[in-house]
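Trainee: below are the sequence and a predicted model; questions follow.
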Amino acid sequence: MAQNGQGIDPALLDDIINRLLEFRQARTVRQVQLSESDIRQLCTVSREIFLQQPTLLELEAPIKLCGDIHGQYGDLLRLFEYGGFPPEANYLFLGDYVDRGKQSLETICLLLAYKIKYPENFFLLRGNHECASINRIYGFYDECKRRFNVRLWKTFTDCFNCLPVAALIDDKILCMHGGLSPDLTNLDQIRNLPRPTDVPDSGLLCDLLWSDPSRDVKGWGMSDRGVSYTFGADKVAEFLMQHDMDLVCRAHQVVEDGYEFFADRQLVTIFSAPNYCGEFDNAGAMMSVDESLIGDPNTFKNLPDALKYATDVLVIFLFRQECRNTFHQILAGLRLGE
């Protein structure tokens, strides 16, 4: 595994990570108060790494894909417990790290720290909430102001404006936070998006972060969000055929089981914040992509209903507390039968 502490003292980086993980075994995850100086270093150094890497990341399996986290820090730690703490596994997160949840600062700081330590194995895409006009309203600004100051929020904004916006896994799986765009005809359009940049109100970058699939439309439709578009299954199939791809993987929407297929399993939504905001009774999920999946989207059709488990794809659910023991018993039984 590649490691990189460039721009920050490696001992300090390890200390930050250790402090953020200190309460991972506790029943209730506690607030971790890093210094403002430490957080600024995380933002500054990770920002430079984001700019050194392409706007459209080109990655290889095996890799684990994670959806929205939204400041649910305890659930982020559970994700790593199930999938392996870096560098045990490679990760791609699909955006929306902040807002709504109670611990956006811990969440984004741990993710940035891992990005700095493992820049070639740990990847973060931009979500629509990694945008000043959105997280100014939905909680992150207030958390920064309450625990530190507005200047620190602006430092995060400078960092978020440099995040990559899409990833291509082995030329077959295209990942982004939101979805497709009517303006997207060539992947070079994504590669050529300028950074740093704010998120505009319309156009390709906006759509990659904001659009949604819809079973109610054919082609392109107007979004109830009031920004970007919805798109039908026909547009997914058309895009994949034109670009010789197998799957679109995105986040952005709460789904009951933590993941949901669309367009004859040519698109999957991954959402990784269980019991979202304490208001939804949803599970969270992460998807592990094995090398043998690439080029074989039909593998998804073999997922049993009981656990959505197959040898080539493992969707790991973040069950609510009362379901955890059952999950481990079922998983152990499946592994014994491999």
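Mentor: Ah, there it is.
Trainee: test my guess that residue 130 contacts residue 97.
Mentor: Yes - the pair residue 130 / residue 97 is scored as a contact, 6.9 Å apart, by CB atoms under 8 Å. C-beta: built from backbone N, CA, C; applies to glycine.
Trainee: contact partners for the nearest residue to residue 277 once chain neighbours are set aside?
Mentor: With CB to CB, 6 or more residues apart in numbering as the criterion, residue 277 has its nearest non-adjacent residue at 5.4 Å, and that residue is residue 100. Neighbour list for residue 100: 70-71, 138-139, 276-277 [criterion: CB atoms under 8 Å, 6 or more residues apart in numbering].
Trainee: run a quick neighbour tally on residue 33.
Mentor: By other CB atoms under 10 Å, 11 other residues sit near residue 33.
Trainee: angles on the backbone of it, please.
Mentor: Torsion angles at residue 33 (phi, psi; degrees, to the nearest 10) stand at phi -100, psi 90.
Trainee: what residues are up against it?
Mentor: Per CB under 8 Å, 6+ apart, neighbours of residue 33: residue 147.
Trainee: okay, it and residue 114: tell me how far apart.
Mentor: Per CB to CB, to the nearest Å, residue 33 is found 19 Å from residue 114.
Trainee: next one: residue 231
Mentor: Residue 231 is 32 Å from residue 114, by CB to CB.
Trainee: more neighbours, the two?
Mentor: residue 231 (29 against 24).
Trainee: secondary structure class for the closest residue to that one other than its chain neighbours?
Mentor: Setting aside the residues directly before and after it, residue 231 is nearest to residue 180 in space (CB to CB, 6+ apart), at 5.3 Å. Here residue 180 is recorded as coil under DSSP: H, G, I helix; E, B strand; the rest coil.
Trainee: again, but for residue 43
Mentor: helix.
Trainee: hmm, it is touching residue 160, no?
Mentor: No - using CB under 8 Å, residue 43 makes no contact with residue 160, being 9.0 Å away.
Trainee: just for the stretch 151-300 of the chain, where's the confidence low?
Mentor: 292-300 (pLDDT under 70).
Trainee: and the helices in it?
Mentor: 188-191, 204-210, 233-243 (DSSP state H, counting those that start in this stretch).
Trainee: just name the most buried of the ones you listed.
Mentor: Stretch with highest mean neighbour count among these: helix 204-210 (a mean of 24; mean count of other CB atoms under 10 Å).
Trainee: residue 92 touches residue 64, doesn't it?
Mentor: Yes - using CB under 8 Å, residue 92 is in contact with residue 64, at 7.3 Å.
Trainee: where does residue 322 land on pLDDT?
Mentor: Looking at residue 322, its pLDDT reads 36.
Trainee: quick one: neighbours of residue 219, just the number.
Mentor: 12.
Trainee: and it, what is it in contact with?
Mentor: 231-232, 234-235.
Trainee: closest to residue 166 among those?
Mentor: Proximity of the contacts of residue 219 to residue 166, judged by CB to CB, is greatest for residue 231, which lies at 15.5 Å.
Trainee: surely that closest one and residue 215 touch.
Mentor: No - taking contacts as CB under 8 Å, residue 231 lies outside contact range of residue 215: 10.8 Å.
Trainee: adding distance to residue 176, write the contacts of residue 219 out as TSV.
Mentor: TSV is the format used below for the contacts of residue 219 (distance: CB to CB, whole Å):
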residue	distance to residue 176
231	12
232	17
234	19
235	14
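Trainee: name the helices or strands packed onto the helix or strand in which residue 133 is found?
Mentor: Here residue 133, judged by DSSP states H and E, is contained in helix 132-135. On a contact count with 3 or more CB pairs under 8 Å, 6 or more residues apart in numbering; DSSP states H and E, helix 132-135 meets helix 150-160.
Trainee: check which helices and strands the helix it packs on sits against.
Mentor: Helix 150-160 packs on helix 36-52, helix 132-135, helix 140-147, going by 3+ CB pairs under 8 Å, 6+ apart.
Trainee: next SSE downstream of the first one?
Mentor: This points to helix 36-52. Moving toward the C-terminus from helix 36-52, the next element (DSSP H and E) is strand 56-59.
Trainee: buried residues, that following strand. List them.
Mentor: 56-57, 59 (16 or more other CB atoms under 10 Å).
Trainee: any weak-confidence spans in the stretch 1-150 of the chain?
Mentor: 1-6, 27.
Trainee: which stretches of the protein form strands?
Mentor: If DSSP state E is used as the criterion, the strands of the chain fall at 56-59, 63-66, 91-93, 122-124, 166-169, 173-176, 212-213, 220-222, 229-231, 247-250, 259-262, 267-270, 284-289, 313-318.
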